[in-house]
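Next one to model:
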Amino acid sequence: MHSIIALFAAGLFAGNVTFGVLSPWNAVAGADPEEPPETVQDVNEQARAAASLERRNEILWLARVLYSETKIPEEMRLVGWVVRNRVETSLRGRTYRQVATSEKQFSGLTPGEAGYETIINLDYEDTRNHSWVTALAIAEEIYDADSSSRPFPSTVRHFYSPHAVSATPAWVDAGILHLQIEAPDGSHSRFAFYKGIK
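Just a heads-up that it's a prediction; the model follows:
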């Protein structure tokens, strides 16, 4: 008994024995006993902040696709809805970032392609580039839009620019042409949008 008391006293003297009240928030291993637990409001605010950051990042990736494909606002909108259709039907990804960076889908976002480094680094601070600012605004519009604003069915998930490519993509034969956009002077087709391709 005397040896136990002696060990206890030695521990007190060395500072190895502490006293404290076990509270609801320091009962968790590693919890700081001085910090109260997060309130429901704290958790909700953190969730809102995370959701806001995710929204901004998703809009950013959608805008990069739009900017990489065209600088004409009407065409940006159509391209944007194709991307949203892909996200909502989980074709080549479940997020805008996954769809945007899916291999060999968008030439401006393909590593090694001309302009890739510039486009991949465009951000909210790049306000001097008018076409980029337009792409961001349209991306936000599409991201937040009600599905009733969709300009074509959700099955329209592919497009290409006949004017920009040297050969028609092989996947065209498996789909149905839904919409074709002609140049204002009628000299060429700007974009062709297809549905029914898996």
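
From now on I want contacts and neighbour counts done on CA atoms only, so please keep to that.
Will do.

what's the neighbour count on residue 58?
Neighbourhood size, residue 58 [other C-alpha atoms under 10 Å]: 20.

Excluding chain neighbours, what is closest to residue 131?
Closest residue to residue 131 apart from its sequence neighbours, by C-alpha to C-alpha, 6 or more residues apart in numbering: residue 71 at 5.9 Å.

Where does the one you found sit: helix, strand or coil?
Classification of residue 71 using DSSP: H, G, I helix; E, B strand; the rest coil returns coil.

and it, how many neighbours?
15.

pLDDT-wise, which helix or strand of the chain ranks last?
One helix or strand of the chain scores below all others by mean pLDDT, DSSP states H and E: helix 2-14, with a mean of 48.

Please report how far the residue nearest to residue 131 lies from residue 189.
16 Å (C-alpha to C-alpha, to the nearest Å).

what do you get for residue 54?
Residue 54 is 36 Å from residue 189, by C-alpha to C-alpha.

So the two - more neighbours on which side?
Shown here are residue 54 and residue 189; by other C-alpha under 10 Å, residue 189 has more neighbours (16 against 13).

Name all residues that make contact with the more buried one.
161-163, 180-183 (C-alpha atoms under 8 Å, 6 or more residues apart in numbering).

redo that, cut-off 6 Å
162, 181-183 (C-alpha atoms under 6 Å, 6 or more residues apart in numbering).

Now flag whichever of those residues is closest to residue 142.
residue 181 (19.5 Å; C-alpha to C-alpha).

Let me know the pLDDT of the closest one.
Predicted confidence (pLDDT) for residue 181: 96.

How many neighbouring residues does residue 61 have?
Residue 61, neighbours per other C-alpha under 10 Å, totals 25.

how about it, secondary structure?
helix.

quick one: which helix or strand includes the spatially closest residue to it that is not a sequence neighbour?
Nearest residue to residue 61 in three dimensions, chain neighbours excluded: residue 97, at 5.4 Å (C-alpha to C-alpha, 6+ apart). Using DSSP states H and E, residue 97 sits within helix 96-100.

any chance you could map the strands in the protein?
Under the criterion DSSP state E, the chain contains strands at 156-160, 176-182, 189-195.
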